[in-house]
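A.B. asks: I'll drop the sequence and a predicted model, then ask my questions.
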Amino acid sequence: MVGLIGRKIGMTRIFNSVGNVLPVTVIEAGPCPVVQVKTQERDGYTAVQLGYVDKKVARTPKPLRGHFQKASLPPQTVLSEFRMKDVSTMSVGTKVSVDLFSPGERADVTAMTKGKGFTGVVKAYGFRGGSRGSHGGSSYKRAPGSIGQSANPSRVFKGKKLPRRIGGQRKTILNLEVVQVIPERNTIILKGAVPGPNGGIVLLKKSKIRSMERAQ
C-alpha cells in the first residue's frame, strides 16, 4: 500500500461536532512524486519510491542526479520506499497527495523520536537514586549503584539498566485517526501525538489494523 512523506508542523487542539476537545498533530504531507517503480521481475519485490521537497542540483551527489534525471524529475530532499502488492497503477512522475486519506480512516505514522543524548539511570529509567541530602543521606546520589556479582558469576548480566543514549530512534505509532484533510494546503490532521520534533520528517501509511477489522 502506497504511503506519503510529510513534515510534522506541531500539535494543537480542535473541537469536534459535540464540543469535545481533541489533541491533534498537524502534518504537511506531499505532494510526493513517484521517482521509481520496483517490480518483481526486475528487483525481486514490488514497491514505489517517493520523493519529497525539491532540492538544488548542486547539492545533490552525482549518482543521485542520474537517478532523478532518469525519472525526469528534480532532485528530492527525502526518498522513501513503500512496499505494494500491485504497482500496475503507479508510474514514474505520478504525484501522491493527502487525497490518499479521508477523515475517519486510520493511519500509521513513522518518525525519528527526539534525541535526548547520553543520560543517567535516573532520567533513562526513572531510578530513585540515593536518599535525600539531609540526615546522613546516601553518598552516591544519582549513580546506578552496584551492578555486578562477586566471584560467581563475576560479570555483569546482559540487559542491565545502565547509563545510555536515549531517543533518536525510529518509532511507529499505529492506528491514529484521521480527523481532517485539507488538500489545498497539503495538510492532514491526526488525533494524538506523533514522534519527533516540529519540522521532523514523517512517513504515513494507511493502517493495517483497521483494514483487518473491516475484513473480519
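C.D. replies: Okay, I see it.
A.B. asks: Okay, now the unreliable bits of the protein?
C.D. replies: Along the chain, the model assigns pLDDT under 70 to residues 131-138, 210-216.
A.B. asks: can you list the domains in it?
C.D. replies: Following automatic domain parsing, one gets these domains for the chain: 4-115+170-215, 116-166.
A.B. asks: These into a markdown table, with extra columns for mean neighbour count?
C.D. replies: (C-beta placed from N, C-alpha, C; glycine too.) Compiled in a markdown table, these are given as follows (neighbours: other C-beta atoms under 10 Å):
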| stretch | mean neighbour count |
| --- | --- |
| domain 4-115+170-215 | 16 |
| domain 116-166 | 11 |
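A.B. asks: which SSE is residue 178 in?
C.D. replies: Taking DSSP states H and E as the definition, residue 178 sits inside strand 170-182.
A.B. asks: How far away from the center of its chain is the very next helix or strand once past that strand?
C.D. replies: Next helix or strand after strand 170-182 toward the C-terminus (DSSP H and E): strand 187-191. Strand 187-191 sits 14 Å away from the centroid of its parent chain (C-alpha atoms, centre = their mean, to the nearest Å).
A.B. asks: Check which element follows strand 187-191 along the chain.
C.D. replies: Under the assignment DSSP H and E, the closest C-terminal helix or strand after strand 187-191 is strand 201-206.
A.B. asks: on that earlier part again, what angle sits between the strand holding residue 178 and strand 201-206?
C.D. replies: Angle, strand 170-182 to strand 201-206, by axes from the mean of the first three to the mean of the last three C-alpha atoms, to 10 degrees: 70 degrees.
A.B. asks: Give me the contacts around strand 170-182.
C.D. replies: 14, 22, 24-25, 98-99, 101-113, 187-195, 207, 209-210 (C-beta atoms under 8 Å, 6 or more residues apart in numbering).
A.B. asks: So what touches the helix or strand hosting residue 66?
C.D. replies: Using DSSP H and E, residue 66 sits in helix 62-70. The contact list for helix 62-70 (C-beta under 8 Å, 6+ apart) reads 35, 36, 51, 57, 60, 74, 75, 76.
A.B. asks: Nice, that's everything, thank you.
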